[in-house]
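*Asks:* here you go, sequence then predicted model.
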Amino acid sequence: MPSSWRRPISPGCRISPAPRRAPPAEERGHGGKYAITLARSSCETFLQFSARRDLREKVFQAWIRRGENGGATDNRALIAEMVALRAERAGLLGFASFADYRLADQMAKTPEAARQLLEAVWTRALAKARAERDDLQAMVAGEGGNFALQAHDWRYYAEKLRKARYDLDEAEIKPYLQLDNMIEAAFETARRLFGLNFKPVEVPLYHGDARAWEVEDSAGRHVGLFIGDYFARPSKHSGAWMTALRDQEKLAGKVTPIILNVCNFAKPAEGEPALLSFDDARTLFHEFGHALHGLLSDVTYPLIAGTAVPSDFVELPSQLYEHWLEVPDILRSYARHAKTGAPMPKALLERLLATRTYGQGFATVEYTACALVDLDLHRLKDAGALDAAAFERRELAALHMPAEIVMRHRLPHFQHLFSGGGYAAGYYSYMWSEVLDADAFAAFEEAGDAFDAATAKRLRDFIYGAGNLRDPAQAYTAFRGRLPSVEALLRKRGLADVA
Ligand SMILES: [Zn+2]
C-alpha cells in the first residue's frame, strides 16, 4: 500500500498496469520540449521542484479540477447517479445505507466504527498540519516572499525544507541495499519468527528472471514453493503484487501452496549487483508479508485460505512485515555496501529513519479527509439531487480542513470510489490496516524483542496461518489480547506528541 499515502492505488500491490508510452511532449507533437500532464507523477513532481509560482498555480488548478469542467469529461452527474443507485441497492438488501451494507462483512463492521478511528487520527493530524504550515510560511518569509502560502506552494516549500533538515540523498543509500541481500533479510526474518527455511531449487519457470525456493519448516517438512520474479521487463504490469498459483488446502488431501511475488525493480547491467531504494526494499518486505500469508496458511477449505480475508484486514500481514526491515539487527547484517561490504553507517541509517515522520501532518490530512468524505457520501439515504462539489465543500468546512490542503482525491475524480466500486465506502481501510500493523508490531516492542517467540507463535496461529477461519476482530483479539488502539499509529506517524 501503499509511501505517503504510501500505496495510493493498491492494496499496495494490486495495481493495474500503466501503459508504456512515448515521452509526453513527443506524444503530443512537441518533441524537444517538456509537457506536464495531469497524471499524479507528473503534477506532483512539478509542484515539488518548480520555482515558478505562476506555473505551479496553473498546473495545480488544472490538476484539482479534473472531472468538473463541464462537457463529456464532467463526472458530477454520474457520481450523483452512482451514489443514488448504491443507496437504493443497499436499501433493497435491508441496510440503512450503502456504507452499512459495504462494511457489514468487514472487520470494521459499521461506518460508525470506521469513522471513530478516522476521527481519532484527524484531530492530531490537523494540529500537526497547521504546525507544518507555519514552518513553511516561515521559510517563505525567510526567503523574502511577501505572500501567504497557498495549496500550490505547499509541496515546493515542503521539499525545500526536507532537504534543508535531512540532506538525505537516495544515491547514498542504494549501494547498501542489494536485492539478493534484501531477499535474504526477508527470509532470515521468517526463519527467526516462524522457523521457515528457504532453499533455492531448480524448477521449470515461465521466465529466466524468475527464481524459486522450496520452503521448509524447522523440522525439514515441506511447506510450499516460493517464486520471486523481481525485475521489470516490457511485458510486465507495473507495480508489485503477490499471487497464489496454488492455494493451501486439506479438503482434497494435503495441498501445499505455490506463491509468487512479482516486483518491478531495475535490472542491473551484466555482472553488476541489483541495488534497491529504501522504498523498493520496503515493497519487497511488503509483498513477502503477503507471500507468508499464503505460505503459512493452515486451513481445510481453499475458499478461506491465505489472503482470502476481508479487504480491511488483508494488508495487515504485508504492512506488518515492513516493520522488520527497520529492525537494526536485520539492517546491520544485511544492509552492506555492494563494493566494500561495510555495514550502513549508523548516522546514515538514523537520518534515513528520521525522515519517516516528516510531512505526515499534510499526508494524513489529505488522505483522512478523503476517507471521511467517502464514508459520509455513502451514508446518504437519498442522493438523487446530489451536487458532489457542494457536498464536498460542506463536509470539508465541517471538518475545518486547512485552506492550504486539498483532498488527495476530490470527488469529481475519486477513482477509488467511482471507477469501479472496489473502495466505495472502503477508502478508510488503508488507515484501518495501518492502525492494525502499527499496533501489532507494538506487541513485539512491548515484549522487548522484535522476534519474541511467544508473540510470533500467536501471530502465526491467529493471523498468518489462519486465513479467514475467524472473524478478523476475534482473530486480532486472540493475537493481541485486545482490539487494536490508534496509539501506535500516532507514534509511527509522529502525531502522538501534538496538542
Ligand atoms: Zn499489499
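*Replies:* Structure received. Residues are numbered from 1 along each chain as shown.
*Asks:* helices of the stretch 201-350 of the chain, residue ranges please.
*Replies:* For the stretch 201-350 of the chain, the helices defined by DSSP state H, counting those that start in this stretch cover 278-295, 316-325, 328-334, 346-354.
*Asks:* output the contacting helices and strands for the shortest one.
*Replies:* Counting contacts by 3 or more Cβ pairs under 8 Å, 6 or more residues apart in numbering; DSSP states H and E, helix 328-334 is packed against helix 179-194. All C-beta atoms are positioned from the backbone trio N, CA, C, and that covers glycine.
*Asks:* helix or strand for I405, which one?
*Replies:* For I405, there is no helix or strand it lies in under DSSP states H and E.
*Asks:* that one is in contact with A151, isn't it?
*Replies:* Yes: counting by Cβ atoms under 8 Å, I405 touches A151, with 6.6 Å between them.
*Asks:* the more surrounded of the two?
*Replies:* Shown here are I405 and A151; by other Cβ atoms under 10 Å, I405 has more neighbours (21 against 17).
*Asks:* now for this structure: which strand has the highest residue count?
*Replies:* Ranked by residue count under DSSP state E, the longest strand found in the chain is strand 222-231.
*Asks:* parallel or antiparallel, list what pairs with it.
*Replies:* Each strand paired with strand 222-231, and its direction, by DSSP bridges: strand 211-216 (antiparallel), strand 258-265 (parallel).
*Asks:* now do the contacts for the closest residue to A342 other than its chain neighbours.
*Replies:* Of all residues not flanking A342 in the chain, R336 sits nearest, at 6.5 Å (Cβ to Cβ, 6 or more residues apart in numbering). Contacts here follow Cβ atoms under 8 Å, 6 or more residues apart in numbering; on that basis R336 touches 176, 178, 181, 342-344.
*Asks:* ok, back up a step: which stretch among the strands paired with strand 222-231 comes nearest the ion?
*Replies:* strand 258-265 (10.8 Å; Cβ to the ion).
*Asks:* what mean pLDDT does the closest one get?
*Replies:* Computed over strand 258-265, the mean pLDDT rounds to 95.
*Asks:* how about it, does it get close to the ion?
*Replies:* No: Strand 258-265 does not reach the ion (Cβ under 5 Å from the ion); its nearest approach is 10.8 Å.
*Asks:* residues making contact with that strand?
*Replies:* Here strand 258-265 has contacts from 179, 224-232, 236-246, 274, 276, 280, 283-284, 287-288, 290-291, 294-295, using Cβ under 8 Å, 6+ apart.
*Asks:* list buried residues within the residues you listed.
*Replies:* 179, 224-231, 239-244, 274, 276, 280, 283-284, 287-288, 290-291, 294-295 (16 or more other Cβ atoms under 10 Å).
*Asks:* looking at the chain, which helix is longest?
*Replies:* helix 111-142 (DSSP state H).
*Asks:* and it, what does it pack onto?
*Replies:* For helix 111-142, the packing partners by 3+ Cβ pairs under 8 Å, 6+ apart are helix 98-103, helix 151-166, helix 360-377, helix 429-447, helix 487-492.
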